[in-house]
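J.: 3D model of this:
(chains A and B)
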Amino acid sequence: NAGVTQTPKFRVLKTGQSMTLLCAQDMNHEYMYWYRQDPGMGLRLIHYSVGEGTTAKGEVPDGYNVSRLKKQNFLLGLESAAPSQTSVYFCASSYLFVGRGSGELFFGEGSRLTVL
Amino acid sequence: SQQGEEDPQALSIQEGENATMNCSYKTSINNLQWYRQNSGRGLVHLILIRSNEREKHSGRLRVTLDTSKKSSSLLITASRAADTASYFCATANTGFQKLVFGTGTRLLVSP
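T.: Predicted coordinates for the structure are as follows:
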């Protein structure tokens, strides 16, 4: 039981390049999320999904796209990377809607992205 | 915008001492959660307290919630070096399908 797995763990891009971060969970969770973590900023929600085939914008969605074609996978894409997107990206999933009484997030180990 | 703000930003104590960190938030919540993050790792859920609860315990952790002051505290008793990590509070606002995280408290426990 791997939980939440993110690939790749590290990546260096040049400005303007594109890439996709993959998140996979084996817990049959309905809800999945992408956060970015920057020093002094805490975690900020980029996009999230409430089920297969759905996506929604979070706090900082600009410059990112997502897809949830399969329940277990949530992909985060950068179409044209910018230095401001240098960050650590975390994927998370939850069984219950986190607004309900007992929804908690399960996180992956993070993907460290540097854009030069 | 951040919902939770932790205080202090950093805390340094000796093993065996208690560590207290605080979280303040701005809007009505459904529940408040605390997470731990070891350096270079993902976040791990510690404890959840619902808006109608005032105190909750889990092992060496004690969480309180004061909805009138929009604040919560996390107490770690008898700290160990392995408790060295960053601790984040996160709030779930009623009707929103997401958690909003604070900026965290960095705890250093020295042997």
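J.: now do stretch A:66-79: distance to the chain's middle.
T.: Put simply, stretch A:66-79 sits 8 Å off its chain's centre (C-alpha atoms, centre = their mean, to the nearest Å).
J.: which residues are in contact with residue 43?
T.: All of this refers to chain A. Applying C-beta atoms under 8 Å, 6 or more residues apart in numbering or on different chains to A:L43 gives the contacts A:35-37, A:90, B:43, B:88, B:101. Where you see a C-beta, it was placed from the backbone N, CA and C, and this is true even at glycine.
J.: actually it's chain B I care about, not the one you picked
T.: Residues in contact with B:L43 (C-beta under 8 Å, 6+ apart) are A:43, A:90, A:92, A:105, A:107, B:35-37, B:88.
J.: and those, which of them are buried?
T.: Neighbour-count burial (16 or more other C-beta atoms under 10 Å in any protein chain shown) applied to the contacts of B:L43 gives A:43, A:90, A:92, A:105, A:107, B:35-37, B:88.
J.: beta partners of the most centrally placed residue in chain A?
T.: With distances taken as C-alpha atoms, centre = their mean, A:W34 lies nearest the centre of chain A, 2.5 Å away. With DSSP bridges applied, A:W34 shows beta-bridge pairing to A:H47, A:C91.
J.: pull up the pairing partners for the helix or strand encompassing B:R36, direction included.
T.: Take DSSP states H and E as the rule and B:R36 turns out to sit in strand B:31-37. Strand pairing for strand B:31-37, using DSSP bridges, gives strand B:43-50 (antiparallel), strand B:85-92 (antiparallel).
J.: out of the ones you listed, which one sits most buried?
T.: Stretch with highest mean neighbour count among those: strand B:85-92 (a mean of 25; mean count of other C-beta atoms under 10 Å in any protein chain shown).
J.: give me the distance from that strand to the chain's centre.
T.: Remark: strand B:85-92 is offset 5 Å from the chain centroid, using C-alpha atoms, centre = their mean.
J.: which stretches in chain B count as strands?
T.: Ranges of strands in chain B, per DSSP state E, are B:5-7, B:10-14, B:19-24, B:31-37, B:43-50, B:55-58, B:61-66, B:71-76, B:85-92, B:99-101, B:105-110.
J.: kindly indicate which of the contacts of A:L43 lies nearest A:Q6.
T.: Relative to A:Q6, the closest of the contacts of A:L43 is A:F90; by C-beta to C-beta it sits at 7.6 Å.
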